[in-house]
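> generate coordinates for the sequence data below:
(one chain, ligands or ions: 1)
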Amino acid sequence: MALISFENVTKEYGNGEYTALADIDFKIEPKEFVSIVGKSGAGKTTLIRLLMGEEKPSTGRVVFGEYEISSLSSKELPKVRRQMGTIFQNYRLLPTKNAYENVAFALEVAGVPEREIDDMVREALDLVGLSDKAYNFPHELSGGEAQRVAMARAMVNHPELIVADEPTGNLDPLNTADVIKVLQQINELGTTVILTTHNKDVVDKLGRRVIQLDNGRIIRDVAKGKYTIA
Ligand code: ADP
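Take a look at the predicted model:
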C-alpha cells in the first residue's frame, strides 16, 4: 500500500482567484526518496503544507497511510503528524535549549515516558554524528550541525516519513553534503524521505525519483531523475 497519495488535488487561494496546485495526482511508496523541484512559486510549499495537514485541499484527497489527512479533525491531526518528522531551511531549534534538550523536548511533548527518553535521544544524536556536541547550544553549532540536530529531533521517535523542506538552503557545499548523507542513511534505515530543494547538484547526485512542479502542475515524475528546469 502506498504511504502517501494525492488524489486529484487542487488548492486554490483567495476564493478561487489563484490556483496554487491543480490536478495533483501521485503516490509515494514506503522507503522511497523523492525530490520535489520547481521554480519559486511552483507550489512545493503548498504541497508540503497539504501533506502535513496545515492546509486543506480545495478538491481531492490527501492520504497518509490509513489516514485521510484532508479530513482529520484538529484533535486527530497531531497524532498523525508525529509520524512525519520535519526539517526546514532555518532549523527551528529552541535557542535556550542545548542539542540534547532540543531532541528530548520533542519526546516530552509527545508524552514519551521519561525513562525511555535518554536512550532515544542518544541514539538519534549518534545517528547524525553529533554525540560530541550534545551539550552545545544552537549558537555554538555550525549551520550544518544545527541542521543535523534538527534531523535527530525529526528522527527520534522513528517516524515513517521525513519531510525535508529546503534543508540545505542556508548551507555551504560541505555541510550540504553532510546533511544529504544523513538523509540517505535515514532512508536506508527504511524511512521514506521527501525533499524539496533548489539544489541541482544534490538532486543529480541522489539519482532518485524527481517530481517537478511548474505553475501548480506536475510536469515531470521520473524514477531516476535529474534536476532540470523545464
Ligand atoms: P513554492 O514553495 O514552490 O515557492 P508555494 O507553494 O509557496 O510555491 O506557492 C505557490 C503559489 O501559491 C504562489 O504563487 C504563491 O504566491 C501562492 N500562495 C501560497 N500561499 C498562499 C496564500 N496563503 N494565499 C495566497 N496565495 C498563496
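
> Gly53 contacts Glu76, correct?
No. Using Cβ atoms under 8 Å, Gly53 is not in contact with Glu76, being 9.3 Å away. C-beta coordinates here come from the backbone N, C-alpha and C atoms, glycine included.

> name the nearest residue to Lys56, ignoring sequence neighbours.
Ser70 (5.4 Å; Cβ to Cβ, 6 or more residues apart in numbering).

> Gly53 and Glu76: which has the busier surroundings?
With neighbours defined as other Cβ atoms under 10 Å, Gly53 and Glu76 compare such that Gly53 has more, 21 against 13.

> ok, now how distant is that one from the ligand?
15 Å (Cβ to the nearest ligand atom, to the nearest Å).

> give me every residue that touches that residue.
Contacts were defined as Cβ atoms under 8 Å, 6 or more residues apart in numbering; by that measure Gly53 touches 62, 69-70, 72, 77, 80-81.

> tell me which of those residues has the lowest pLDDT.
For the contacts of Gly53, the minimum pLDDT belongs to Ser70; the value there is 87.

> who in this structure is up against the ligand?
Residues of the chain that fall close to the ligand, judged by Cβ under 6 Å from any ligand atom: 13-14, 18, 20, 38, 40-46.

> are any of the residues you listed buried, and which?
20, 38, 42-46 (16 or more other Cβ atoms under 10 Å).

> give me the neighbour count for Asp126.
Neighbour count for Asp126, taken as other Cβ under 10 Å: 12.

> tell me where the protein has helices.
Counting by DSSP state H, the segments of the chain that form helices are 44-51, 77-81, 99-109, 114-127, 143-155, 173-188, 200-206.

> closest to Lys226 out of those?
helix 200-206 (5.1 Å; Cβ to Cβ).

> list the residues that contact the residue nearest to Lys56.
50, 53, 56-57, 60-62.
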